[in-house]
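S.K.: Make a model of this:
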Amino acid sequence: MRRRGWIRSALAGAAVVTLLAGCSDQESNSDNATREPATPAAAPVPAATPAGQVSPSAPISLLLDEPATGVLAAVVDSGTTLQLVDNGVTRPVPLPGKAAALAAGRPGEILVAVPNAIVRVDAATGATSQIKVDGDVHAVALRPDGSLVAGLAGGKVLLLDAEGAVRHTISGLSSADALTAGPDGVVVLDRRQTAIAALDGDSKLGLSLRAGDGATTMIGDHFGRSLVTDTAGGELLVYTADPLVLHQRFPVGSAPYALAYDQRSETVWVTLTASNEVVGYDLSTGIPVEVGRYPTVRQPNSVTVDNRTGDMFVGSATGDGLQRIGADQRKRGQ
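M.R.: The predicted model follows:
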């Protein structure tokens with residue numbers, strides 16, 4: 001079994017991870033040791049022609065391929081417009097504030113984290129509704145039971161019911177910047193502490209672990225793992241949630257930043273902002289194995305995969321276009 005293989009792997013790596021303060025009754029984060037959040041590297045002028053096809057686009061900060069419809073969502077215009085691309089037709093959706101994160105909601109729905117709200121977007125029609133939130137929302141995720149979890153800039157984590165009513169508020173982090181919400185529980189990335197923390201049920205923080213030297217991005221996969229880029233340290237980190245354990249830690253270099261998971265090929269794709277590349281790793285063994293490397297558009301700060309087709313999309317944050325690398329091209333090694 002592939003999953004058992006990686007669960008048994010790299011336990012020695014978890015033993016050397018520093019434990020951080022994660023007290024269940026912690027109401028203040030003033031004593032947390034913090035750093036300025038890491039950011040993508042400033043990319044040089046590309047040295048190679050981007051792989052695949054490149055379409056003109058305004059600067060792209062976030063990308064998400066909605067799993068049920070295959071509609072591609074791209075955040076442009078300094079974060080205040082969501083563009084929905086479906087079969088070559090682009091539909092702009094204005095947002096009430098600068099988007100900090102995109103996430104898949106219910107089938108056919110895209111969740112957008114903005115200041116003081118979670119925006120629900122119908123991927124097919126562009127229709128929107130809002131869940132008002134008291135705080136700057138940095139992250140949002142749909143839980144398996146249909147409820148929601150939101151991470152705030154000040155470190156609070158809100159657990160909401162399916163309609164958006166707040167049921168629990170958990171404090172103690174310095175910032176709650178990315179979330180995974182799988183069957184094994186909720187994991188939160190705190191960029192200011194460069195740490196991840198698991199929630200202990202619906203009422204408190206559980207175990208927290210150091211996440212490299214400057215972690216920036218986290219996504220989940222269908223195995224329940226949390227995949228993290230340590231941009232400052234040049235590494236890819238792989239955790240499980242129950243218990244919270246670091247299972248794989250692998251140097252990838254060149255300021256890794258954005259992440260996407262291709263469920264069809266069990267591959268995680270990582271953008272390298274210092275070299276304008278995207279690299280794929282097979283995580284089925286104890287050590288990530290590189291399976292593909294492609295030149296990208298300049299400043300590849302976003303990436304997503306259409307899990308129905310396997311096509312990968314990379315967005316340029318400098319306005320150099322939207323790149324599509326087809327699954328057939330990757331199979332041929334082009």
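S.K.: can we go C-alpha only for contacts and neighbour counts from here?
M.R.: Will do.
S.K.: Could you list the residues in contact with stretch 77-96?
M.R.: 58-61, 70-76, 97-100, 114, 119, 123, 126 (Cα atoms under 8 Å, 6 or more residues apart in numbering).
S.K.: Quick check: strands, which of these are part of them?
M.R.: In strands, judged by DSSP state E, the following of those are found: L72, A73, A74, V75, V76, V114, V119.
S.K.: got the contact list for A241?
M.R.: D184, G185, V186, V187, A198, G224, R225, S226.
S.K.: T267 too?
M.R.: Contacts of T267 (Cα under 8 Å, 6+ apart): Y261, G280, Y281, D282, L283.
S.K.: Using TSV, please lay out those residues together with distance to A42, neighbour count and secondary structure.
M.R.: As requested, the contacts of T267 are exported to TSV (distance: Cα to Cα, whole Å; neighbours: other Cα atoms under 10 Å; DSSP: H, G, I helix; E, B strand; the rest coil):
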residue	distance to A42	neighbour count	secondary structure
Y261	24	25	strand
G280	21	22	strand
Y281	23	20	strand
D282	27	18	strand
L283	28	19	coil
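S.K.: now those residues in a markdown table, with distance to D213?
M.R.: As requested, the contacts of T267 are exported to a markdown table (distance: Cα to Cα, whole Å):
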| residue | distance to D213 |
| --- | --- |
| Y261 | 23 |
| G280 | 22 |
| Y281 | 21 |
| D282 | 23 |
| L283 | 22 |
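S.K.: which stretches of the stretch 201-334 of the chain form strands?
M.R.: Using DSSP state E, counting those that start in this stretch, the strands of the stretch 201-334 of the chain run over 204-210, 215-220, 226-230, 235-241, 244-251, 256-262, 267-272, 277-282, 289-295, 300-305, 312-316, 322-325.
S.K.: Figure out which of the ones you listed is closest to V149.
M.R.: Counting by Cα to Cα, V149 lies closest to strand 204-210 out of the strands of the stretch 201-334 of the chain; the figure is 13.4 Å.
S.K.: In terms of secondary structure, what does that closest one contact?
M.R.: Strand 204-210 is packed against strand 195-200, strand 244-251, with contacts defined by 3 or more Cα pairs under 8 Å, 6 or more residues apart in numbering; DSSP states H and E.
S.K.: hmm, back to that, closest one to D320 out of the contacts of A241, please.
M.R.: S226 (30.0 Å).
S.K.: what's across from that closest one in the sheet?
M.R.: Counting by DSSP bridges, S226 is bridged to G220, Y239.
S.K.: Now for it: which residues touch it?
M.R.: So S226 contacts T180, V187, M218, I219, G220, V238, Y239, T240, A241 (Cα under 8 Å, 6+ apart).
S.K.: If we use 6 Å, what do you get?
M.R.: I219, G220, V238, Y239 (Cα atoms under 6 Å, 6 or more residues apart in numbering).
S.K.: what's the answer for L62, then?
M.R.: By Cα under 6 Å, 6+ apart, the neighbours of L62 are A74, V75, S302.
S.K.: So which residues of the protein form helices?
M.R.: Read by DSSP state H, the chain holds these helices, from start to end of the chain: 2-8, 11-15, 327-332.
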